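Engineer: What follows is a predicted protein model with its sequence.
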Amino acid sequence: MIDVVVVGGGPVGLYLAALLLQQGVSVRVLERRTEPDTHSRAIGIHPPSLEALDRIGVASALVDEGVRIRRGVAIGGGVEVAGMSFDSVSGRYPFVLSVPQARTEAALERRVAALDGGAVIRGATVTGICDDGSAVAVDVVTAGRESRVHACLAVAADGVRSTVRQLLAIPAPLRTYPDRYLMGDFADGTPFGPDAALFLEALGIVESFPLPGRVRRWVARLPGSMPEAPTAGSLARIVRERTGIAVDAGSNSMLSSFGVRSRLVKRMIHGRISVIGDAAHEISPIGGQGMNLGWLDAAELAPLILNQLAHTSHERELRSFDRNRLQAAAKAVRQSEINMALGRPLPCPLWHVRNRLIGSAARVPAINSRVAARFTMH
């Protein structure tokens, strides 16, 4: 019997596995994908997450590989409405690190492999899970063969469509929003350098973030109706219409459209099985909090797992974990709702008023610093 089975080999599951392996815990990570995903939706790593990632020795390499976003600017009608510096949010990491999720996952998997080359099992589909009070049994299909993994504890980090959450029938009320977005990565021909730019336009927000290799990600709120299927050309057209910036559609390297939902479980600890990351809380990608929230779940859960394995765990610790992490997730949901509201289309008179109010607030140092801290999850 192994100590911990982790269902899901994405960034959250791999990070938890590395934390536990470093402490001598035996771990198996069951990942449905046979190969790493090269599609990078998440790119922003916030300062608290960099501090967490440093605990497994991968933060430094990621910082060297990524772009350090130290400043964000809000622009409306071609004029800078507000500026925000992240210099005061962290003594060690005063920036948001921009690095493609695929590279982050690769760094995490390399760390896990260095600790235990057999920890990650790819092509493993979980078909059943059972907690009998003394151990957890996980039914798995790998390469067409059925098997059962026995572990003292199990952690589900298997994403928004969590198989474990469904198998255990864990309630997770779903809320949908009317907002839809289109994002894509293009060659960066802007003068923004390492800065992030938010275009607060009357027709809807356009967001722009630097990526390594002189690439820039553009995210635009879509109109209520799109007559054609979203393409790189349509995103480039939206960017041009709203910001005046020409984007080379032919340089597109990633394109994705998405709607927005939120989902929050009532409890994250279910006996010997825990649910963390997107499996426990689905949050709007606007604001880039989801992956970071999952890492912080794992960082707080790891010492509790060690206590459970040592039989020194107390029920109040598990209740405290549930309370703290669900409060953090609820706060992130509220922040994402604010972010989305600020980016919705407005009639011109209201658009002018909103942008003036944002500019006035940003000129108050205390407010500016507080908003910077909220955006970086401090």
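Structural biologist: Looks like it arrived, so ask away. Being a predicted model, the structure only gives us computed values, none of them experimental. Numbering: from 1, shown residues only.

Engineer: C-alpha only now, for contacts and for neighbours.
Structural biologist: OK.

Engineer: measure Pro173 to Pro349 for me?
Structural biologist: 37 Å (C-alpha to C-alpha, to the nearest Å).

Engineer: list the buried ones in whichever helix in the chain runs longest?
Structural biologist: Secondary structure assigned by DSSP state H gives helix 315-342 as the longest helix of the chain. For helix 315-342, burial by neighbour count (16 or more other C-alpha atoms under 10 Å) applies to 318, 321-322, 325-326, 328-330, 332-333, 335-337, 339-340, 342.

Engineer: what's the neighbour count on Asp158?
Structural biologist: Other residues lying near Asp158 total 26 when counted by other C-alpha atoms under 10 Å.

Engineer: check contacts around it.
Structural biologist: Going by C-alpha atoms under 8 Å, 6 or more residues apart in numbering, Asp158 touches 7-10, 13, 164, 277-279.

Engineer: In terms of helices and strands, where is the most centrally placed residue in the chain?
Structural biologist: Residue closest to the mean C-alpha point of the chain, counted by C-alpha atoms, centre = their mean, is Met291 at 2.3 Å. Assignment of secondary structure by DSSP states H and E places Met291 within helix 290-309.

Engineer: and the longest strand for the chain?
Structural biologist: Using DSSP state E to define each element, the chain has its longest strand at strand 174-187.

Engineer: just checking, what packs against it?
Structural biologist: For strand 174-187, the packing partners by 3 or more C-alpha pairs under 8 Å, 6 or more residues apart in numbering; DSSP states H and E come out as strand 215-221, helix 232-243, strand 254-264.

Engineer: Return the set of buried residues in the second one.
Structural biologist: Of the residues in helix 232-243, those scored as buried under the neighbour-count criterion (16+ other C-alpha under 10 Å) are 232, 235-239, 242-243.

Engineer: Any regions of the protein where pLDDT drops low?
Structural biologist: 225-228 (pLDDT under 70).

Engineer: Now do the domain split for it, please.
Structural biologist: By the record's domain assignment, the chain is partitioned as 2-43+100-172+265-340, 176-260+344-375 (automatic domain parsing).

Engineer: who wins for proximity to Arg55 among those?
Structural biologist: Relative to Arg55, the nearest member of the domains of the chain by C-alpha to C-alpha is domain 2-43+100-172+265-340, separated by 7.6 Å.

Engineer: thinking again about what came up before, right, and the helices and strands packed on strand 174-187 - which one's nearest Val141?
Structural biologist: strand 254-264 (27.9 Å).

Engineer: Parallel or antiparallel, list what pairs with the closest one.
Structural biologist: Sheet pairing for strand 254-264, assigned by DSSP bridges, gives strand 174-187 (antiparallel), strand 281-282 (antiparallel).

Engineer: Buried deepest among those strands, which one?
Structural biologist: Mean neighbours per residue, mean count of other C-alpha atoms under 10 Å, is largest over the strands paired with strand 254-264 for strand 281-282, with a mean of 27.

Engineer: neighbouring contacts of it?
Structural biologist: By C-alpha under 8 Å, 6+ apart, strand 281-282 touches 160, 261-265, 290, 329.

Engineer: same check, this time on stretch 3-19
Structural biologist: For stretch 3-19, contacts defined as C-alpha under 8 Å, 6+ apart pick out 25-32, 53, 55-56, 104-105, 108-109, 111-112, 115, 120, 126, 149, 151-159, 164, 277, 291, 294-295, 298-299, 302, 309.

Engineer: try it again with 6 Å
Structural biologist: With contacts defined as C-alpha atoms under 6 Å, 6 or more residues apart in numbering, stretch 3-19 is touched by 26-31, 105, 108, 112, 151-158, 294-295, 298.

Engineer: Return the members of these classed as buried.
Structural biologist: Using 16+ other C-alpha under 10 Å, the buried ones in the contacts of stretch 3-19 are 26-31, 105, 108, 112, 151-158, 294-295, 298.
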